[in-house]
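Student: Kindly return the folded structure for what I paste below:
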Amino acid sequence: MEEYIAFSIAVFTGFFAITNPISNMTIFVSLTQGADKATKHSINKRANFTAFIIVAVFVLLGKFIFELFGLSIPAFKIAGGILVFFIGFEMLQSKKSNVKNLKNVNIDENIAISPLAIPILSGPGTIVTAMNFVSDATYIHIFIVILIYASMSLITYFTFRLSDLVVQTLGNNVISVIGKVMGLIIAIIGTGMVIEGIKIAFDLKY
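Tutor: Alright, predicted model coming up:
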């Protein structure tokens, strides 16, 4: 039981850092600026539901994808860790990640699918993180990952619902600081994935 609790905490922390609902809230505000409440609600609901489906599919088919393409767990952990690290590093440098390019986006309900659902909410970093958690996991671990990402989708949904109020209350500077802290956590998670991959590849215990 303790193993599952520790695993659940690790998964929640990883997803919270990589999906970054607080930082993405400002993106949602900018993309839906000028839209009425009904439109914002529709975009919010579609974006989070679509993101959940995308991640759930990768979680469920992760082992099949590994077998189909002959991927090794160490290689995936190292490559994924490098990708996650650079996303966090870009956030620390106050740069927009290349997987979150928001230029020339029209304000309509299609933004719920792109760029909100993918690549912002379920981009490469999120997918890599999800598949990393289930790359050598049991079905119980897979269920936990899906359940926790579902909870993250709900958290993001309610965060977006309260976006206008939160931005007005906290201010952009506070949200920027929170974004940098999330970037540091993401970079640490990526480094940990690389170290874990090296340990498995060379059968190291420490």
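Student: going forward, measure contacts between C-alpha atoms and count neighbours the same way
Tutor: Will do.
Student: Now the longest helix anywhere in the chain: buried residues?
Tutor: Using DSSP state H to define each element, the chain has its longest helix at helix 172-201. By neighbour count, with 16 or more other CA atoms under 10 Å as the criterion, the buried positions of helix 172-201 are 175-176, 179-198.
Student: what comes up buried for the strand or helix carrying A6?
Tutor: With secondary structure defined by DSSP states H and E, A6 is part of helix 2-19. Residues of helix 2-19 classed as buried under the neighbour-count rule (16+ other CA under 10 Å) are 7-8, 11-12, 14-19.
Student: Need those in JSON lines (columns: distance to E90 and pLDDT).
Tutor: Shown next, in JSON lines, are the buried residues of helix 2-19 (distance: CA to CA, whole Å; pLDDT from 0 to 100):
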{"residue": "F7", "distance to E90": "27", "pLDDT": "94"}
{"residue": "S8", "distance to E90": "27", "pLDDT": "95"}
{"residue": "V11", "distance to E90": "22", "pLDDT": "95"}
{"residue": "F12", "distance to E90": "22", "pLDDT": "95"}
{"residue": "G14", "distance to E90": "17", "pLDDT": "91"}
{"residue": "F15", "distance to E90": "18", "pLDDT": "94"}
{"residue": "F16", "distance to E90": "17", "pLDDT": "92"}
{"residue": "A17", "distance to E90": "14", "pLDDT": "86"}
{"residue": "I18", "distance to E90": "12", "pLDDT": "85"}
{"residue": "T19", "distance to E90": "14", "pLDDT": "85"}
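Student: Out of these, the closest to D203 would be?
Tutor: The nearest member of these to D203, counting by CA to CA, is F7 at 21.7 Å.
Student: what separates the closest one from Y139, distance-wise?
Tutor: Separation of F7 from Y139 (CA to CA, to the nearest Å) stands at 13 Å.
Student: same question, F133
Tutor: Relative to Y139, F133 is positioned 12 Å away (CA to CA).
Student: per-residue pLDDT, L102?
Tutor: Predicted confidence (pLDDT) for L102: 45.
Student: hmm, I was thinking of D108
Tutor: At D108, the predicted lDDT confidence score is 62.
Student: Can you verify my assumption that F28 contacts L162?
Tutor: No: at 10.8 Å, F28 and L162 do not qualify as touching, with contact defined as CA atoms under 8 Å.
Student: Looking at those two now, which is surrounded by more residues?
Tutor: Using other CA atoms under 10 Å as the criterion, F28 and L162 rank with F28 on top: 23 against 12.
Student: got a list of what that one touches?
Tutor: Listed by CA atoms under 8 Å, 6 or more residues apart in numbering, the contact set of F28 reads 116, 160, 163.
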